[in-house]
Every structure is written in C-alpha cells, then in structure tokens.
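>>> Build me a model:
(2 chains)
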Amino acid sequence: MAASTSDAVLPETDGKTNENTVKIICLGDSAVGKSKLVERFLMDGYKPQQLSTYALTLFRYNTKVGGQEVTVDFWDTAGQERFSSMHPSYYHQAHACIMVFDVTRKVTYKNLPQWYKELRSYRPEIPCLLAANKIDVDYNITHKNFNFAKKYNLPFYFVSAADGANVVKLFREAIKSAAAYKANPTDFMDEVMQELENFDDLKLSPDGSLDLVNNSEDKESEKETSPASTPEGAPESS
Amino acid sequence: MSITPKKCAIRVDPPTLVLTYTDEVTGKDRQRSMPLRNFTKRSGVDRFVRELKANPRHKKYLENVSAIQLEKLLSIIKERLSGLSMEESLEKVKKELSVDPDEDLNQLDDQALQKKKSIMDETFEKNRKKPGEEGFQYDVDVDFGGGIESSGWDSGEESDPQF
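Below you'll find the predicted structure:
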C-alpha cells in the first residue's frame, strides 16, 4: 500500500486522529525563502521539529477553518533541493502546495516547471499556490507579470518574508484550500485513503467479521453479516 | 550602545582593519586600528572575522559591523597580498560576495550555499520589520492589482515543457 513510505517519515501524532490534519508542502529552489516565509507566518518563538535524517523541517500549527479545528503540518525541505528533486514521501498525502520563487533570481523562476512537474507526478490534483518572494528588494517587480501562474491557473501572490507583505494571506489561503481539498478529494488515491479513514468507524469483531459502529446508513439493510461479506477494499488487517 | 560605527577601512601592510566610529558618550568621532596578526594570503577569512568579532578588546566596536562587510574587507587584503592590484582585488571580491541571479544555487555544497544565503540575509535583515517595532503588522495585505509589464522571464518557452 502506498502508505508505507510516509509512515516511516511522519512523526507519531500524539494519539490524535488524522481526521482534521492537513499537510501543506513547500517547494522551490534553494534560498528562495521557503523557511523564512513559514517562520514569518508562524512568528518568532515557534520551534519546528527538525528531522535531519529526512532533510525536512516540520512545523505543526493549530487553527480553525470555518469554525472547525484544523491541525496543519507545514513541510519544509531543509536542503533536499540539492538533488533537484524531493523524496516521494515528501509529496505523499499532501493536501496543498506552496511553490516559491525569488524575484531577484531568474533561475529560480526558470526552475519552476521542474518542481511543478514533479509535484503533479505525485499529486495531480492538489491545490498549488505560487508565491513570488523578496519583493521588498525592489517593489517595482510587482508591476511585472509572470505567465507561469496563468498558464497553470495557480493563485499567485507577491510576498515578502522580510516586511511581511501578503504572507499571512498566502498561508491562510493555502490552509483553506488544503482543508477544502481534504474534505473533497478528486484524486483516486485520496478517495481510497478517504475510504480507509471511513473504516476507522468500523471495527473488526473478535471472530473476524465486521461490525458497524454508529455508522450504518447504507449498510443497515444487510442483516447478519457473514464473515465472507467484507466490503470491497477492506484492509487485510486492522 | 555607546559606539556607532561610521566607516571601515583597511591597511594592507601590515594587515589592519581601521574603524571610524562615533563615541556616543562624548559625541566625538574616533578611529580604531585593529592589527590582523599573522594574516597572510593563505589565511581563512571566515575564521579571522569570527575571531575579530569575538575578540574581547574589539568586540564592542565591531558588534554593529556586519560579518559580510568584514569578510569583504579582509578578502581584499588577501587578494592584495597575493599580488593583485587594488582594482583587480575589488572586482574579484565583489563578484565572490554577490549572488548571480542566473546561478543555480541547488548545485552548491552546504558551505557555499550558506555563504550565498548570508549575503542575501543582509538585505533581508535590512528590510525586515520585526514584531515590537513601530509600524509592525502581523497581517500585511497588499493588493498589487496584477502586473502589466512583461517580466521578460517567460521568453524561451522551450525550457517550459508541456505535460
């Protein structure tokens, strides 16, 4: 099952369910300011979890979306860009992506297609937002247009991690999109994952047959489920 | 803080860093020479900068002088000691301590990348608005209304494969 790669990377989630957790990944070249943007959004004093073995930094953040408690995991690269490619587990089960380039360095814009292509090979459908960082160096850049965002229909933001311009807006938008995506995934694998999550509502009884717990809408017509009548796609074990 | 740095200078022979500063207690401008003992054309600039900033006698004078500036000055001395003219040294060091907008930093090793990052951090710190400072706002929402001029960065579409 595809979950195997990420299970090794994801730190244990203090026993809480993943139900309201979304994963947002940051992508883009070295030194475009990805970490500084996350830090500006979360502000000083926030201690990220550094997983150096995996060359990534995890920032966990709790917030509310439409009155709902949501836990957001921001994934930042910590130098994996070195390989001009990220480990597949970085993309695994991500719900949104913030892609960043540096307006003072053209090469970081020129490398966007490569990042975008890799993102879409793993996550064809998740919302992706594009941020043009370091506009504080020369605000005139905000008069220019960058076709990449238009071409792939990505929400586009001029931002500055230094003076804070549009950083909060970018992240709130990303969180909102991630939560919306999670609630209504359009990718085949996500639908499978969603199904598996729904199985949390089912529990295997000791004799191996499935019992329904508090959630029997469309199954109620079935009486006396025989052990053989496991629904399709059930995990082999719980 | 009783010391306000005004400008830095160097002497090549013997290698010396010279700082002009204002003593805020007396209001007078003063000059301080800091000899760089044992500094040669083969010396590690980074190490000398670290030592200068940590030196108990020089520390308080150099606190507000950026490491990158010191690195630049010491690098110039180093090039001069290697026999380059002042002009050549300046040009070489300037190139080393700037970030080429076309250079792919993904290809650099850790140390080289850290150096480039610290150069860019200079600008970041200069433009940074910190919490507690006047005019700081957490949520800075600016509508730029969308660009009208071409960035010129979209030419050469061949580097943008369709997929």
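>>> mean confidence score for stretch B:13-32?
Averaging pLDDT along stretch B:13-32 gives 94.
>>> what's next to stretch B:135-150, contact-wise?
The contact list for stretch B:135-150, computed with C-beta atoms under 8 Å, 6 or more residues apart in numbering or on different chains, reads A:43, A:142-146, A:158, A:163-169, B:129-131. C-beta coordinates here come from the backbone N, C-alpha and C atoms, glycine included.
>>> pull the CA atoms of stretch A:100-117 into PDB?
Provided in PDB are the C-alpha atoms of stretch A:100-117 (Å, rounded to 0.1, in the frame of the first residue of the first chain):
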ATOM      1  CA  VAL A 100       8.000  29.700  -4.100                       C
ATOM      2  CA  PHE A 101      10.500  31.600  -6.400                       C
ATOM      3  CA  ASP A 102      12.800  34.500  -5.700                       C
ATOM      4  CA  VAL A 103      12.100  37.600  -7.800                       C
ATOM      5  CA  THR A 104      15.700  38.700  -7.600                       C
ATOM      6  CA  ARG A 105      16.900  35.400  -9.200                       C
ATOM      7  CA  LYS A 106      15.500  34.500 -12.600                       C
ATOM      8  CA  VAL A 107      16.900  31.000 -12.400                       C
ATOM      9  CA  THR A 108      14.500  30.200  -9.500                       C
ATOM     10  CA  TYR A 109      11.600  31.100 -11.800                       C
ATOM     11  CA  LYS A 110      13.100  29.100 -14.700                       C
ATOM     12  CA  ASN A 111      13.200  26.000 -12.400                       C
ATOM     13  CA  LEU A 112       9.500  26.200 -11.500                       C
ATOM     14  CA  PRO A 113       8.400  23.900 -14.400                       C
ATOM     15  CA  GLN A 114      10.600  21.200 -13.000                       C
ATOM     16  CA  TRP A 115       9.200  21.500  -9.500                       C
ATOM     17  CA  TYR A 116       5.700  21.700 -10.800                       C
ATOM     18  CA  LYS A 117       6.100  18.700 -13.000                       C
END
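>>> And it, what's buried?
Taking 16 or more other C-beta atoms under 10 Å in any protein chain shown as the basis for neighbour counts, the residues of stretch A:100-117 that come out buried are A:100-105, A:107-116.
>>> Likewise for stretch B:72-81?
Taking 16+ other C-beta under 10 Å as the basis for neighbour counts, the residues of stretch B:72-81 that come out buried are B:Lys72, B:Leu73, B:Leu74, B:Ser75, B:Ile76, B:Ile77, B:Lys78, B:Glu79, B:Arg80, B:Leu81.
>>> Pick out the most distant pair among these.
Distance extremes for the buried residues of stretch B:72-81: the farthest pair is B:Lys72 and B:Leu81 at 15.2 Å, using C-beta to C-beta.
>>> so what's the closest residue to chain B within chain A bridging to?
Distance from chain B to each residue of chain A (C-beta to the nearest C-beta) is smallest for A:Asn145, at 3.4 Å. Partner residues in beta bridges with A:Asn145: B:Ser150, with DSSP bridges as the criterion.
>>> and the buried residues of stretch A:100-117, which of them are in strands?
The strands, defined by DSSP state E, take in A:Val100, A:Phe101, A:Asp102 from the buried residues of stretch A:100-117.
>>> Out of the buried residues of stretch B:72-81, which sit inside strands?
Assigned to strands by DSSP E, none of the buried residues of stretch B:72-81 qualify.
>>> now, which of those lie within helices?
The members of these that map onto helices under DSSP state H are B:Lys72, B:Leu73, B:Leu74, B:Ser75, B:Ile76, B:Ile77, B:Lys78, B:Glu79, B:Arg80, B:Leu81.
>>> Let me know the distance separating the second one from B:Arg80.
Right, B:Leu73. Distance check for B:Leu73 against B:Arg80: by C-beta to C-beta, to the nearest Å, it reads 11 Å.
>>> Look at A:Ser68 and report its pLDDT.
Not Ser; residue A:68 is Gln. Per-residue confidence for A:Gln68 comes out at a pLDDT of 88.
>>> That one is in contact with A:Glu19, isn't it?
No: if you go by C-beta atoms under 8 Å, A:Gln68 and A:Glu19 don't touch, sitting 10.2 Å apart.
>>> where do the helices sit along chain A?
Under the criterion DSSP H, helices of chain A are mapped to A:3-9, A:34-42, A:88-91, A:106-110, A:112-122, A:147-151, A:167-183, A:188-198.
>>> Over to chain B?
Read by DSSP H, chain B holds these helices, from start to end of the chain: B:45-54, B:59-62, B:67-81, B:86-96, B:110-127.
>>> Tabulate these (JSON lines), appending mean pLDDT and distance to chain A.
Formatted as JSON lines, the entries for the helices of chain B read as follows, by pLDDT from 0 to 100; distance: least, C-beta to the nearest C-beta, whole Å:
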{"stretch": "helix B:45-54", "mean pLDDT": "93", "distance to chain A": "19"}
{"stretch": "helix B:59-62", "mean pLDDT": "92", "distance to chain A": "24"}
{"stretch": "helix B:67-81", "mean pLDDT": "93", "distance to chain A": "15"}
{"stretch": "helix B:86-96", "mean pLDDT": "92", "distance to chain A": "16"}
{"stretch": "helix B:110-127", "mean pLDDT": "88", "distance to chain A": "4"}
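>>> Perfect, that will be all.
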